[in-house]
Each structure stands twice: as structure tokens, then as C-alpha cells.
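In: Here is my input; please provide its structure:
(chains A and B)
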Amino acid sequence: MDQPKRRGPKSIETRHYQEREAFFDSLKRLDRRNFMKLATLSAGAAAARGLTTPVSYQLVNLVTGANEKPAFSFAYISDTHLYEKKLNDRFVRAILRAVDDVNRLDPQPDFVLFGGDLAQLGKKEELKLGQQILKTIKAPVRMMVGEHDWFLDMGQYWRELFGPEQYSFDHKGVHFVTLMSVQEKDFWTARGMTSEERMQTVAGLDNGVQSRFEVGEAGRKWLAADLAKVDKKTPLVVFSHSPLYKYYRPWNFWTDDADQVQALLRPFQKVTVIHGHTHQMLSNQIGNIQFHGLLSTAWPWPYAPEGLPALTVQMNRADPFSAFDGCGDGRMAVMAAGAVDKLYNLWDRDPVTIRSSYLTSGGKSDVPPAPRLPTY
Amino acid sequence: MKPWMTTTPVWVLGLGLLLPRVLQADELPKHQVPASQDGDLVVGMCDGETFLEVEGVKDGSAISRQQGQQISDALMKEWKKKNPEARWEAAVAQAPTPPKQPVVQQGPTAGSSPDQVAKSKANVQSGHTYGAFSARDEKLWKASLDAMVTEGHAVFHDAAKLGGTVAISCDMCHPDASNTHPETYPKFQVQLGRVAMLRDMINWCIENPVRGKPLAEEDPRMKAMEAYIHAQRAGKALEPGKH
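Out: Below is the predicted model:
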């Protein structure tokens, strides 16, 4: 659909016409083999019509394009950056919208990953507010910590609310690992900073005073010990707030010991890293490891001036006049063989799916739609 | 020449400045000046050996510059008498040779003074004091600009300075002023229904995501932010109207 789209929530009519147009449009491009596929799937699509999902084609999307049926799916909400409600209600409205999204998913995801940066300045009130909101999610929630949650009290209150910052679990044949990947070397003591100043410094993306993110020696040791118990054929999904590779150092879109962490993941056949922090559609593949960034509910970051992975398909730049544009949530479909397809549910836009096969093929197959409005 | 290797004593004015700083923590060594029997002023030389009693001048009383010069000359004469072989070298002689300034351009430039222009044989318009600035001027101007850009950086990164009410500052969406694309203004801004300048968009952001009051166009904070944003996009080609 090339026609310009109305911004803001779509009316029922708009959605109806867009879906109809997309359907007829796809019919024109069919060959015989794909026609059979679509015929089967449109039955599923029709069934899905009766269900309530945030964007009705999203569900169809997830099922139709994939070559195999997902074994299960999990949803995510990330980078909500909550202030106290009396100070800023915009970010609160945004996380509530995301909670509504995941609660309306049908079928429900097996669990919801929270991708870190629940709070903006790591305050108790912010973390508490976030915890209360996340309690309204129907599916089980898996928590990950971000630097905004951590550097006021070095994670003390976060741990009190949500438990250990590094943990692993097995789910339907997949080994999941959650890392604490936003450790920083002490830059505050020598400068005589208060804990508030330390937090404020870390909270600024373009603040060069802070150190670069890392999993750190203790974290890597823990990871090595955890992975020692896992069969190398078991699909691995790693949750990390920082990207676990080196994208753009000045903004800390960066993990300083990424090479060492990747070395620990390399022996496994199927590895997917799901990371927060970058607030944008972001895809990468390094060796056997596939990387997917998460959307924020609070605000999108622009793409960095250099270092963007070649496989990344940029999302259209955000409309500054829409408080929610460029933000969103999403979910991951995990195939039986362990491949992960990542769906970006961009609010008030059509969702975009980055398939595992797109990354595996080096960008040759299942190419996602190109951006119409790239970064300036 | 290595002056410290010479066997001849070499006296350097201001030698005290060269003493290692660590010594200052302890009591500094002092020359003992003999007292005058009449309570006159006694002046000692830096060798710690040559002294002069100034007759008729009481210790602590004011002396004129002329008297001071006379005292100094007398002491020097005395010292030279005691050290006939000594060479006196001024401290400046030992300063390292200043590095050569790179010659950027031959002939008169925008920074040449009218005198330099007049003296040069180049065929350029002369007798014009406008634009006669030096490298030092340029440094001062750059410092002034940098200060404005720094102020802009501060406002850009501080919700309180912006007058915001929801703790949102510009850098939260625009790290290093990215995605502000000042080079594309003015342009017709569809959402505003009119042609917008960069400052109109700054004010739009201040009113909406930042939830503050729009700044007056001549507000120093507005100017400083424009300076910061433009400085971040140095070298970009102007493309007014680009969408």
C-alpha cells in the first residue's frame, strides 16, 4: 500500500479498506504454489477475524508467512522509562497501551518478556509503579534489568521487587538466559558524584562521561557455568538489555565485552539474542547468533550515524507530531527447530516481521518491507 | 650548548621558580642576612654571600625605584668583582627555541593587517581595515561560539532549563541533536499547515513532548539551542524544503 496513511488510531473503516486492499493486492502477485498456501491460510485469517487483536492482520502475519508452525510465542514490552505518574503521565499511558496489547493477544503468549528500563531514574516510586502495572499482564512476566533501573542504588530495589538480575530457565525445549549486560566500570567515585548524579549521567545517551556497558567478568563466568549444563543442540535464546555487539560506542549502543560473550554462545547451533536499549527496529547476524532489538513504549531513538548492521531494515522515521509513533511492543514466534521470527508491533503502523530466514539467508529471502522515510 | 655542564658559575634570574614544587611542603631554605648595627637596611644577593648595608635607610622604610636600582647595581658590581670569570646569562637565553609556526598561506590574507598588505607586493585591494583579524582574534571568536554552543547543549539536555513540566529534555529523543536536521528548514510542515523554521519545531517540541511554554524567538535559550543544533550538523549541505 503506497498511499499515504492517516496518522493516529485507525478507524474501523480505514482498517477494513486497508485489509481488503492488501488481500486483493496479494492475490495479484500469486503463483500457483503460493495460491494453495494462501487458500489454506485465508481460512485461518477468516477464523482470526472473530478474535480481537491489536491489528487484525498481525495474527495472520505470524502464521501465514512462516514455513513452519511456531512451537510457541512470547510477547514483549520494553524500555518504558517510567517517571512517577504525577510528574509524567505520557509514559504511563504508553505502558498501559502495551499491556492492553499483550493482554488482547489471542492465542495468549506463553510469557511476556520485560526488556529493561522500567524506570527512568531508578527511583523506588518509578519501579513500584511499573511493577503494579506489569501485574495486570495475564501471561507470566519475565523481567530483565536496564541501566535506568540500576544506577541509583546499584540494583538494590529492583532485586527486591523482581529477584536476581541473571537467571535462566527452560521452556518447551528452548534454553532461555537473562543477562545483566549494563554493568559499568566505576566512573563516579573519582568524580565525587552522588548516586543521583551517577544515575542522571547514565540516563543520558550522549553523555560521554559514563563507562561503556559490559556483562563483566562475574557475569561471563556465571553464563559459562550456566551454559556448561546445556546440550549444544538445544536452541538458545538470550535476553540482554544492551545489544551484545558493538553498534555505536558514543551512545552506548554497545557491549564492551561482546566478543567474549559471543565466544561463549558460539558452540551452540541456534542462538538468538533479544535486546532492549536501542528503541528501534534493529537486526543483525554474527556467525551463528541472530540479534533482534526491541521497541520502546516511551520514545524511539534515531539510528546512529554509523555502525548500523547491514542486515537492519530501518523503520520509517517517527512522526514527531504523534506521541506514540515509532513506539510499540511485539512478540517472537519460536519455531520447533528453535528459529525465532520477530514481530515489531509498531503502533498506528503496519507491523513488520523479521524472519529468522531473512537473517540466515544473509538478507536474500523473506526481505522485510523497506523504509519509505529513512533517517535524515 | 648545555649551560648546566659548564664549570663557570651561571646565575639565572628567577632560579627560585625552577625549584621542585615538593620542596614547598617543607620549610624553604633561607639566606641568613647579617643585621646592621645601626638598624639600617641590609640587602642580600641571591648567591647568599654578597650583602650591602644601605646607610641612612632604616629597615622597613619605603625606598624609591631609583634607590633600588642603585642598590642592585652596587651589589652586581660587588659580585662581578668577586667572580671575574663568570658569565652572566639572562634566563630567556635558556628558553627552548619556540616551534616554528606552520606557514599556512603566502601573501596577504583576510587576517593580514593593513600594514602587512601595504608592504607585500601582492596585487590585492589595500587600505581597508575591515577584516584585519589575526589568528588570536579567531581563537577568541571560536571561544565565544563554543561557549554559546555549550550553553545550547546545556539547555538541550535539561528539562528544567527548557521550562518543561514532565522531566523530558530534547536529548532523550535526539542524542547529539540527531534527527533534528536543521539543514532541511525552512520547509512546509504539513502538520503545522505552514512553512516552519527550525525554531518553530524547537518550540513545537517544547510545547508538546516537553510540555513547557514556547520560547520567544530572541530568547537566549532559543539562540543557544539553534547554535548547538547547527554546530552538530556542521558540513551538511543546506537543503531547505527537504522532506
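In: List the buried residues of the helix ranked longest in chain B.
Out: If you go by DSSP state H, chain B has its longest helix at helix B:135-156. For helix B:135-156, a neighbour-count test (16 or more other C-beta atoms under 10 Å in any protein chain shown) marks B:148, B:149, B:151, B:152, B:153, B:155, B:156 as buried. (Each C-beta comes from the backbone N, C-alpha and C, glycine too.)
In: Ok, stretch A:158-172 next?
Out: Using 16+ other C-beta under 10 Å as the test for burial, stretch A:158-172 gives A:158, A:162, A:165, A:166, A:167, A:168.
In: What ranges does chain A have for its helices?
Out: Assigned by DSSP H, chain A shows helices spanning A:12-28, A:32-49, A:56-64, A:90-104, A:124-134, A:147-150, A:156-162, A:195-203, A:216-228, A:258-265, A:356-360.
In: Kindly report which one of these carries the lowest mean pLDDT.
Out: Ranked by mean pLDDT, the helices of chain A bottom out at helix A:56-64, with a mean of 41.
In: Quick check: residues of chain B near chain A?
Out: Taking C-beta under 8 Å from any C-beta of the partner chain as the contact definition, chain B meets chain A at B:157, B:166-168, B:171-176, B:178-179, B:181, B:184, B:191, B:201, B:204-205, B:208-209, B:242.
In: Try it again at 6 Å.
Out: Within chain B, the positions near chain A by C-beta under 6 Å from any C-beta of the partner chain are B:166, B:167, B:171, B:173, B:175, B:176, B:178, B:179, B:181, B:191.
In: Reduced to three states, what does residue B:73 come out as?
Out: What DSSP: H, G, I helix; E, B strand; the rest coil gives for residue B:73 is helix.
In: residues near it, how many?
Out: 10 (other C-beta atoms under 10 Å in any protein chain shown).
In: now swap in residue B:31 and tell me
Out: Quick note: residue B:31 (other C-beta under 10 Å) scores 11 neighbours.
In: what's it in contact with, if anything?
Out: B:44, B:48 (C-beta atoms under 6 Å, 6 or more residues apart in numbering or on different chains).
In: hmm, 8 Å instead?
Out: In this structure, residue B:31 makes contact with B:44, B:46, B:48, judged by C-beta atoms under 8 Å, 6 or more residues apart in numbering or on different chains.
In: So it versus residue B:53, what's the distance?
Out: 15 Å (C-beta to C-beta, to the nearest Å).
In: interface residues of the stretch 201-350 of chain A facing chain B?
Out: Residues of the stretch 201-350 of chain A lying near chain B (C-beta under 8 Å from any C-beta): A:204-206, A:250-251, A:299-302, A:304-305, A:317, A:319-321, A:323.
In: can you tell me which two in these are farthest apart?
Out: Using C-beta to C-beta, these span at most 28.1 Å, a distance reached by A:250 and A:321.
In: Which one's more surrounded, these two?
Out: Set residue A:250 next to residue A:321 and count neighbours by other C-beta under 10 Å: residue A:250 wins out with 17 against 14.
In: looking at it, that one is touching residue A:208, isn't it?
Out: Yes: because the distance of 6.7 Å satisfies C-beta atoms under 8 Å, residue A:250 is recorded as touching residue A:208.
In: buried residues in stretch A:228-245?
Out: The neighbour-count check on stretch A:228-245 (16+ other C-beta under 10 Å) flags A:230, A:234-245 as buried.
In: Pick the one among those residues closest to residue A:376.
Out: residue A:243 (22.8 Å).
In: got a list of what residue 230 touches?
Out: I'll assume chain A. By C-beta under 8 Å, 6+ apart, residue A:230 lies in contact with A:175, A:236, A:268.
In: Please refer instead to chain B.
Out: Taking C-beta under 8 Å, 6+ apart as the test, what residue B:230 contacts is residue B:182.
In: Give me the phi and psi angles of the nearest residue to residue B:71 once chain neighbours are set aside.
Out: Leaving aside its sequence neighbours, residue B:71 sits nearest to residue B:43 (C-beta to C-beta, 6 or more residues apart in numbering or on different chains; 5.5 Å). Dihedral angles of residue B:43 (phi, psi; degrees, to the nearest 10) stand at phi -110, psi 130.
In: Give the bridge partners for residue B:43, please.
Out: As for beta bridges, residue B:43 partners with residue B:52 under DSSP bridges.
In: Give the buried residues for stretch B:28-46.
Out: The neighbour-count check on stretch B:28-46 (16+ other C-beta under 10 Å) flags B:36, B:40, B:41, B:43, B:44, B:45 as buried.
In: if we can go back for a sec, let's see which of the residues of chain B next to chain A end up in helices.
Out: Among those, DSSP H puts none in helices.
In: Quick one, which of the residues you listed are buried?
Out: Going by neighbour count (16+ other C-beta under 10 Å), those have B:167, B:171, B:173, B:175, B:176, B:178, B:179, B:181 buried.
In: Dump those residues to CSV, plus pLDDT.
Out: As requested, those are exported to CSV (pLDDT from 0 to 100):
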residue, pLDDT
B:167, 96
B:171, 97
B:173, 94
B:175, 96
B:176, 96
B:178, 95
B:179, 94
B:181, 96
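In: for residue A:347, what are its contacts?
Out: With contact set as C-beta under 8 Å, 6+ apart, residue A:347 has these partners: A:97, A:324, A:325, A:327, A:328.
In: Just the closest of these to residue B:138, please.
Out: residue A:325 (43.9 Å).
In: ok, now how distant is the closest one from residue B:165?
Out: According to C-beta to C-beta, residue A:325 and residue B:165 sit 22 Å apart.
In: Between these two, which has more neighbouring residues?
Out: Regarding residue A:325 and residue B:165, a neighbour count based on other C-beta under 10 Å identifies residue A:325 as having more, with 21 against 14.
In: Contact partners for that one?
Out: A:7, A:300, A:318, A:319, A:347, A:348, A:349.
In: what residues does the one helix or strand residue B:69 maps to touch?
Out: Residue B:69 belongs to helix B:65-82 when elements are defined using DSSP states H and E. Helix B:65-82 has contacts (C-beta under 8 Å, 6+ apart) with B:43, B:45, B:47, B:49, B:50, B:52, B:54, B:57, B:63, B:86.
In: Run a quick neighbour tally on the closest residue to the fourth one other than its chain neighbours.
Out: Sequence neighbours aside, residue B:82 is the residue nearest to residue B:49 in space, at 7.9 Å (criterion: C-beta to C-beta, 6+ apart). Other residues within reach of residue B:82, judged by other C-beta under 10 Å, total 10.
In: what residues are up against residue A:98?
Out: A:77, A:80, A:297, A:328, A:329.
In: need the contact list for the first one.
Out: I take that to be residue A:77. Contacts of residue A:77 (C-beta under 8 Å, 6+ apart): A:95, A:98, A:99, A:102, A:112, A:113, A:114, A:115, A:134, A:137, A:297, A:329.
In: at 6 Å instead, please
Out: Contact analysis of residue A:77 by C-beta under 6 Å, 6+ apart lists A:98, A:114, A:329.
In: Specify the beta-bridge partners of it.
Out: Beta-bridge partners, per DSSP bridges, of residue A:77: residue A:114.
In: just the last one next, same as before
Out: According to DSSP bridges, residue A:345 are recorded as the beta-bridge partners of residue A:329.
In: picking that back up, same list as before, the contacts of residue A:325 that is, but in JSON lines and with pLDDT included.
Out: Below are the contacts of residue A:325 laid out as JSON lines (pLDDT from 0 to 100):
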{"residue": "A:7", "pLDDT": "55"}
{"residue": "A:300", "pLDDT": "97"}
{"residue": "A:318", "pLDDT": "93"}
{"residue": "A:319", "pLDDT": "91"}
{"residue": "A:347", "pLDDT": "96"}
{"residue": "A:348", "pLDDT": "91"}
{"residue": "A:349", "pLDDT": "93"}
